[in-house]
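S.K.: Kindly generate the corresponding structure for this input.
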Amino acid sequence: MDAKIYWTIKRMRDNHIPWKEITEYFSVASVDAVQRAFYKQRQKYGQQPILPRTGIDETAELATPYFDEEAAEVVFVDKKIPEDIDWRELVAHAQAAQDISKRLSDLQPNNFATIRIETTKPIAIMFTADWHLGDANTEYAQWQEDIQFLIETPRLYAADLGDETQNMRTFRDLSAVLSQALTPTQQAQLFRSIIKELAARKKLIVKICGNHDTEFDERIFGESLYKYLMDTTKVPRIGNKGLVKLTVGDQLYTLFLAHKVRFNSIFRVTHSSFREAQLSFPADIVVTAHTHAPGLEIAPQYPLAREAGFDFGGQAIWIKVGSYQHSKYGQKYFHNEAICNPTVVLYPDRYKKVPFTDPHDAIDFIKHL
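M.R.: Numbers count the residues shown, from 1 in each chain. Modelled structure (predicted):
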């Protein structure tokens, strides 16, 4: 170590610069080697008065750093060097993972399902959603009465549009989590039990995912646990919205079902269903949920298509499903909330649909057919 390097290091130490930074400054691998060389030369050059903290003169010409002959050399024998993988291999890997994910999923491909009801008599489809079982503000007596009526009544079926349980594990308002009559674990068992029975009795024809079931679970767990609660049923499970081709007897009907959509209006309850009919599919029946404010509207849509022999158009029915939950959240965000399970009678021998706001009225109607 020559004099220039020695005095440079001396000035750096006088300015309280750590040994590690000094070592990096001289591009030396070992801190110990620099220290030993410095202290070895101290006896030769002696101690000089401590200089003011004026910093390092980086413009000074420095000689090649001195390395102690006794310093150890570090050799990295088996350092793992990453490979430069070709993009084709990575794409193939992504496709393989994608294929496995699809095989593990129970969701209908492309959110599309085909269902047949073999019958020679008219049947009724009850559209229901937003039960919010487990919440302290749910109308359990009315819900149980309606479900029992569904179970016991011939030719009555149900399409479930999501949010069967409250499923609150976390929320922006803690009171929503604390105001649950059942824990999320108990709610899950309640859901499994009722869905298992409805499926076994062939009463439930389709399950649409909601935000309280699928979205809440995905936010916390990364996947919907309701998949595992329905794994023993044959009922098709569709994402937030999808299309159902329902054949009743010899007649085909299309149902576009959705839980949560963007297009809502306080001035027209069925506006969301109307917009989905415009933008997604002109189904015979379009049903949406989530806002807890029920409604039903009948209007002609694409009548020329039906007259020309196509399987769409004619009389359109736009529905918004009600809710069994009556809480401050419903009043604050959804305004005119009410219990309502709109029900539509479908004929098996001709294209004819008759809507009702109550399943009891629909069953009274088909009893005489």
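
S.K.: which regions of the protein lie under the pLDDT threshold?
M.R.: Along the chain, the parts satisfying pLDDT under 70 run over 1, 43-71, 330-333.

S.K.: Domains in it, by residue range?
M.R.: 1-94, 111-366 (automatic domain parsing).

S.K.: Columns distance to residue 105 on top of those, output as TSV?
M.R.: Every C-beta, even on glycine, is put in place using the N, C-alpha and C of the backbone. Shown next, in TSV, are the domains of the chain (distance: least, CB to CB, whole Å):
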stretch	distance to residue 105
domain 1-94	16
domain 111-366	8
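
S.K.: need these in TSV with mean neighbour count and distance to residue 100, can you?
M.R.: Formatted as TSV, the domains of the chain follow (neighbours: other CB atoms under 10 Å; distance: least, CB to CB, whole Å):
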stretch	mean neighbour count	distance to residue 100
domain 1-94	12	11
domain 111-366	18	14
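
S.K.: Which of those sits closest to residue 103?
M.R.: domain 111-366 (13.3 Å; CB to CB).

S.K.: where's the closest one relative to the chain centroid, distance-wise?
M.R.: 19 Å (CA atoms, centre = their mean, to the nearest Å).

S.K.: What segments of the stretch 201-350 of the chain are strands?
M.R.: Listed in chain order, the strands of the stretch 201-350 of the chain (DSSP state E, counting those that start in this stretch) span 204-208, 237-238, 241-248, 251-258, 285-288, 295-301, 314-320, 343-346.

S.K.: Can you tell me what sits against the shortest one?
M.R.: Residues external to strand 237-238 that are found in contact with it (CB atoms under 8 Å, 6 or more residues apart in numbering): 106-108, 111-113, 206-209, 226-227, 230, 244, 257.

S.K.: 10 Å - rerun?
M.R.: Residues outside strand 237-238 that contact it (CB atoms under 10 Å, 6 or more residues apart in numbering): 105-108, 110-113, 160-162, 206-209, 214, 224, 226-227, 230-231, 244, 257-259.

S.K.: cool, and stretch 261-279?
M.R.: 240-241, 256-258, 260, 280, 282-291, 293-299, 301-302, 316-321, 334-336.

S.K.: distance between the ends of it?
M.R.: 12 Å (CA to CA, to the nearest Å).

S.K.: How about stretch 207-224?
M.R.: Span of stretch 207-224 from end to end, CA to CA: 13 Å.

S.K.: Strands of the stretch 1-150 of the chain, start to end?
M.R.: 112-117, 123-128.

S.K.: For the first one, which strands pair with it and how are they oriented?
M.R.: For strand 112-117, sheet partners with direction are given as strand 241-248 (parallel), following DSSP bridges.

S.K.: CA-only coordinates of the strand it pairs with in PDB, if you can.
M.R.: Provided in PDB are the C-alpha atoms of strand 241-248 (Å, rounded to 0.1, in the frame of the first residue of the first chain):
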ATOM      1  CA  LYS A 241     -73.500 -14.200 -15.300                       C
ATOM      2  CA  GLY A 242     -74.200 -16.600 -18.100                       C
ATOM      3  CA  LEU A 243     -76.600 -18.100 -20.600                       C
ATOM      4  CA  VAL A 244     -78.800 -21.100 -20.100                       C
ATOM      5  CA  LYS A 245     -80.400 -23.000 -23.000                       C
ATOM      6  CA  LEU A 246     -83.500 -24.600 -21.300                       C
ATOM      7  CA  THR A 247     -85.600 -27.100 -23.200                       C
ATOM      8  CA  VAL A 248     -89.000 -27.700 -21.600                       C
END
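
S.K.: who's in contact with the residue nearest the centre of the chain?
M.R.: Central residue of the chain (CA atoms, centre = their mean): residue 215, 4.0 Å from the mean position. Contacts for residue 215 (CB under 10 Å, 6+ apart) come out as 162, 163, 167, 209, 224, 240, 259, 260.

S.K.: If you drop the residues flanking it in sequence, what lies closest to the first one?
M.R.: Spelled out, that is residue 162. residue 210 (2.4 Å; CB to CB, 6 or more residues apart in numbering).

S.K.: so how far is residue 176 from residue 170?
M.R.: 9 Å (CB to CB, to the nearest Å).
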